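A.B. asks: just coords:
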């Protein structure tokens, strides 16, 4: 891998995102909604912490899934990715640059959550949980982008999958049955961490299992994409 290529592709992602308002808005929507709700209900005890943990989870799960799948699928549909590969750019360099940009943008915009409430978890642990959740979500989004035939198909898959993984932790706060299902997802485990709760050993197993499945799927899709491109 060449750092120069990754840097150039990273800069390309910055420009492409600036020209894509729907994807650009994704990085701001949950922090903005959280701030509005917190200000509207600031007199309710503990409500700000609840909103922060809920919307920070959505931000670290839904946003990277949709953004990664959208970027990759659009490049494939427009044959831009094929041109890049023919120009001596490796597919893994492209994927690292996309993932790196999304992770940076998500942490940059998501860091404002730490100013919205008096968190019971340290700021460093909160950012770590958000970053780790975003990274796993980027892998999932990349799988969708590499699997889908075009951008429309990618969005059709990414949005419901993103909603499922991002909203289950929120609904788990109000329903014990949903909590049992949500506990099998990495989003629920990182949501606990961001709300100040400790992750149990089974929770760490869930995160590891989710990560192992996604890495295996991404490796298979990567090999398929190499042959196709």
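C.D. replies: Cool, got the structure. If you're wondering where the values come from, they're calculated on a predicted model, not measured in any experiment. Numbers count the residues shown, from 1 in each chain.

A.B. asks: And the residue positioned nearest the centre of the chain, how far from residue 132?
C.D. replies: Residue closest to the average C-alpha location in the chain (C-alpha atoms, centre = their mean): residue 64, at 2.6 Å. Noted for residue 64: a distance of 11 Å to residue 132, by C-beta to C-beta, to the nearest Å. Glycine gets a C-beta too; all of them are placed from N, C-alpha and C.

A.B. asks: swap in residue 34?
C.D. replies: For residue 34, the distance to residue 132 equals 20 Å [C-beta to C-beta].

A.B. asks: what's the answer for residue 91, then?
C.D. replies: According to C-beta to C-beta, residue 91 and residue 132 sit 24 Å apart.

A.B. asks: Helix or strand next in line after the helix or strand of the chain with the lowest mean pLDDT, which one?
C.D. replies: Across the helices and strands of the chain, mean pLDDT, DSSP states H and E gives its lowest value to helix 80-86, namely a mean of 74. Under the assignment DSSP states H and E, the closest C-terminal helix or strand after helix 80-86 is helix 91-110.

A.B. asks: What helices and strands are in contact with that following helix?
C.D. replies: Helices and strands touching helix 91-110, by 3 or more C-beta pairs under 8 Å, 6 or more residues apart in numbering; DSSP states H and E, are helix 3-18, helix 21-40, helix 47-77, helix 80-86, helix 123-147, helix 201-228.

A.B. asks: And these: which comes nearest residue 168?
C.D. replies: With C-beta to C-beta as the measure, helix 47-77 is the member of the helices and strands packed on helix 91-110 nearest residue 168 (9.3 Å).

A.B. asks: Quick check: buried residues in the closest one?
C.D. replies: Of the residues in helix 47-77, those buried under the neighbour-count criterion (16 or more other C-beta atoms under 10 Å) are 48-77.

A.B. asks: so what secondary structure elements neighbour it?
C.D. replies: With contacts defined as 3+ C-beta pairs under 8 Å, 6+ apart, helix 47-77 has these neighbours: helix 3-18, helix 21-40, helix 80-86, helix 91-110, helix 123-147, helix 151-171, helix 186-194.

A.B. asks: and with 7 Å instead?
C.D. replies: When contacts are defined as 3 or more C-beta pairs under 7 Å, 6 or more residues apart in numbering; DSSP states H and E, helix 47-77 sits against helix 21-40, helix 91-110, helix 123-147, helix 151-171, helix 186-194.
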